[in-house]
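K.L.:
Next comes the sequence, and after it the predicted model I'd like to discuss.
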Amino acid sequence: DVKVTQSSRYLVKRTGEKVFLECVQDMDHENMFWYRQDPGLGLRLIYFSYDVKMKEKGDIPEGYSVSREKKERFSLILESASTNQTSMYLCASNRGTSGRWELFFGEGSRLTVL
Amino acid sequence: AQSVSQHNHHVILSEAASLELGCNYSYGGTVNLFWYVQYPGQHLQLLLKYFSGDPLVKGIKGFEAEFIKSKFSFNLRKPSVQWSDTAEYFCAVNSHNTDKLIFGTGTRLQVFP
């Protein structure tokens, strides 16, 4: 069965802390994505990666960075967390480069920044 | 830039009522279109998708959607909703042959028995 696993379901951090959100997929997918989900704003793309060590900015990359050292793992980094980064973070993955493949999502990581 | 609009933010229906959720996108080229659903406490999952061909596509659980190119629309429909359809529904689009998927703001559907 397809699986995207996000390491933490709930995190509480303080302003200025460095935060790591980890995501692992077991489907050998080329593409991996980080979205944030906020009420009334839907899902907004932060970064995506189409290959190891490759990344592209999404629509809201400011304040975030990513790392993809291995094909199965995609990390989202908040260098200095701020209260406006309190949100639900969703990782997703899919195959190929045609834009037609289904996205598989993780359960989400709910981050609260105090 | 691409954008996706879902004008119905919150829809409340009784069981057996018919459903139509609007989705409009802004992009002039060829697009791939998707509807995803998020049931309470669950992760997002694909409901249906359209790439080409018959503009009326059928998905899981009795849902269907119609692509109307001239209106830049991809509305989701179901003839008779059930309580178990209570969920949040997201329309998404990417341009042909790219992987950057843009989502709408979502529509929260509540179905009462």
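P.N.:
Done, it's in.
K.L.:
Return the backbone torsion pair for the closest residue to B:S14 other than its chain neighbours.
P.N.:
Nearest residue to B:S14, sequence neighbours excluded (CB to CB, 6 or more residues apart in numbering or on different chains): B:F112, at 5.5 Å. Placement of C-beta: from N, CA and C, glycine included. Phi and psi for B:F112, reported as degrees, to the nearest 10, are phi -100, psi 140.
K.L.:
Just give me the residue closest to the centre of chain A.
P.N.:
The centre of chain A sits closest to A:W34, judged by CA atoms, centre = their mean, with a distance of 2.7 Å.
K.L.:
pretty sure that one is touching A:Y47, no?
P.N.:
Yes: between A:W34 and A:Y47 there is a contact under CB atoms under 8 Å: 5.3 Å.
K.L.:
Give me the common contacts of those two.
P.N.:
Contact with both A:W34 and A:Y47 is made by residues A:G58, A:Y64, A:V66, A:L76, according to CB atoms under 8 Å, 6 or more residues apart in numbering or on different chains.
K.L.:
For chain B, see how far away the second one is.
P.N.:
Right, the one you point to is A:Y64. A:Y64 is 16 Å from chain B, where distance means CB to the nearest CB, to the nearest Å.
K.L.:
Repeat that for the first one.
P.N.:
A:G58 sits 7 Å away from chain B when distances are taken as CB to the nearest CB.
K.L.:
Not counting sequence-adjacent ones, nearest residue to that residue?
P.N.:
Per CB to CB, 6+ apart, closest to A:G58 is A:L45, 3.1 Å.
K.L.:
my guess is that neighbour contacts A:I60, does it?
P.N.:
Yes: A:L45 is in contact with A:I60 according to CB under 8 Å; the separation is 7.2 Å.
K.L.:
Those two: which is more packed in?
P.N.:
Applying other CB atoms under 10 Å in any protein chain shown to A:L45 and A:I60 shows that A:L45 carries more neighbours, namely 20 against 14.
K.L.:
Look up how far B:F103 lies from the more buried one.
P.N.:
When distance is defined by CB to CB, to the nearest Å, A:L45 is 8 Å away from B:F103.
K.L.:
Pass me the low-pLDDT residue ranges in chain B, would you?
P.N.:
Along chain B, the model assigns pLDDT under 70 to residues B:96-97.
K.L.:
Could I get the contacting residues of the residue most central in space within it?
P.N.:
Residue closest to the average C-alpha location in chain B (CA atoms, centre = their mean): B:W35, at 3.7 Å. Each residue near B:W35 by CB under 8 Å, 6+ apart is listed here: B:23, B:46-49, B:59, B:63, B:65, B:74, B:76, B:89-92.
K.L.:
Neighbour count for those - can I get that in TSV?
P.N.:
Converted to TSV, the contacts of B:W35 look like this (neighbours: other CB atoms under 10 Å in any protein chain shown):
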residue	neighbour count
B:C23	26
B:L46	17
B:L47	20
B:L48	19
B:K49	18
B:G59	18
B:F63	21
B:A65	26
B:F74	29
B:L76	24
B:Y89	23
B:F90	24
B:C91	29
B:A92	23
